[in-house]
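Visitor: sharing a model that was predicted from the sequence below.
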Amino acid sequence: MSSYGRAFALMREAAQDPWRAYTRHAFVEGIKDGTLPRQAFLHYLRQDYVFLIHFSRAWALAVVKSETHSEMLAASRTVNGLISEEMQLHIGICKTAGISQAELFATPERAENLAYTRFVLEAGYSGDLLDLLAALAPCVMGYGEIGTRLASEVTSETYRNWIETYASEDYQGACEAVGELLDQALTRRIGVEFEVSPRWDRLCQTFRTATELEVKFWQMGLTP
Ligand SMILES: Cc1ncc(CN)c(N)n1
């Protein structure tokens, strides 16, 4: 079992092919060896800033869909981490590149971005906390996995601060907390053997679709 929990390990295993396409995408490898063109990186960061706005809204919805104090705490901590830490990375890099926060906020949203974030929000609007977490998990844990791998394989200084953000203790701690939230939410609503319940296949399908939308997001990053 990975340090991101039992449910995540099982969902990841069930989505092996798209998971590999996501975490080993050419965009990611370009960050690792510094060959990703700066223009593509900045284009991606601007889209990702918009992504994180909607993603924060989706985590705020997880607070609404919570049934216990500890679920509310974990979801609200994630909202705070996104707004006060992760988005600061984007603001800082773009500021250095001469892109103001107002310009960042006004970035026209690409269709791939819209498709992904609204898929996640819809999973939460029409479902319960489990449907929402299955859609949110690939985003959180995928970057955690990418950050850890790239930190040990990096061959260039070019995108070092991006890699360090996702390899950091803070980000890894957030992944572990979300993994624990997912395991506990499943156990509370379905039972310890959640993977043999009738709901499990559908939750795995939601996780897989979100993973496929991550692949499309990287691809969008390569086409400014
Ligand atoms: C598209 C995307 N997916 C995941 C992450 C990591 N929170 C992100 N910043 N952007």
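Guide: Great, that's in hand. Small disclaimer: the values here were computed from a predicted structure and weren't measured.
Visitor: C-alpha from now on. contacts and neighbour counts both.
Guide: OK.
Visitor: name the helix or strand of this protein that has the lowest mean pLDDT.
Guide: helix 101-105 (a mean of 94; mean pLDDT, DSSP states H and E).
Visitor: and that one, which residues are buried?
Guide: Gln101, Leu104 (16 or more other CA atoms under 10 Å).
Visitor: what does the helix or strand following that helix contact?
Guide: Moving toward the C-terminus from helix 101-105, the next helix or strand (DSSP states H and E) is helix 111-126. Contacts to helix 111-126, defined as CA atoms under 8 Å, 6 or more residues apart in numbering, come from residues 47, 51, 54-55, 57-58, 61-62, 65, 131-132, 135-136, 210, 213-214, 216-217, 220.
Visitor: quick one: name the residues of this structure near the ligand.
Guide: Taking CA under 6 Å from any ligand atom as the contact definition, the chain meets the ligand at Asp48, Cys139, Val140, Tyr143, Glu214, Phe217.
Visitor: between those residues, which is closest to Thr107?
Guide: Ranked by distance to Thr107 (CA to CA), the residues of the chain next to the ligand are led by Asp48 at 9.9 Å.
Visitor: so the helix or strand harbouring the closest one versus helix 111-126, what angle?
Guide: Using DSSP H and E, Asp48 maps to helix 38-65. Interaxial angle of helix 38-65 relative to helix 111-126 (axes from the mean of the first three to the mean of the last three CA atoms, to 10 degrees): 10 degrees.
Visitor: now Val215: closest residue in space, sequence neighbours ignored.
Guide: Tyr22 (4.8 Å; CA to CA, 6 or more residues apart in numbering).
Visitor: let me redo that: Arg6
Guide: Closest residue to Arg6 apart from its sequence neighbours, by CA to CA, 6+ apart: Asp183 at 6.6 Å.
Visitor: any regions of the protein where pLDDT drops low?
Guide: Residue ranges of the chain with pLDDT under 70: 1.
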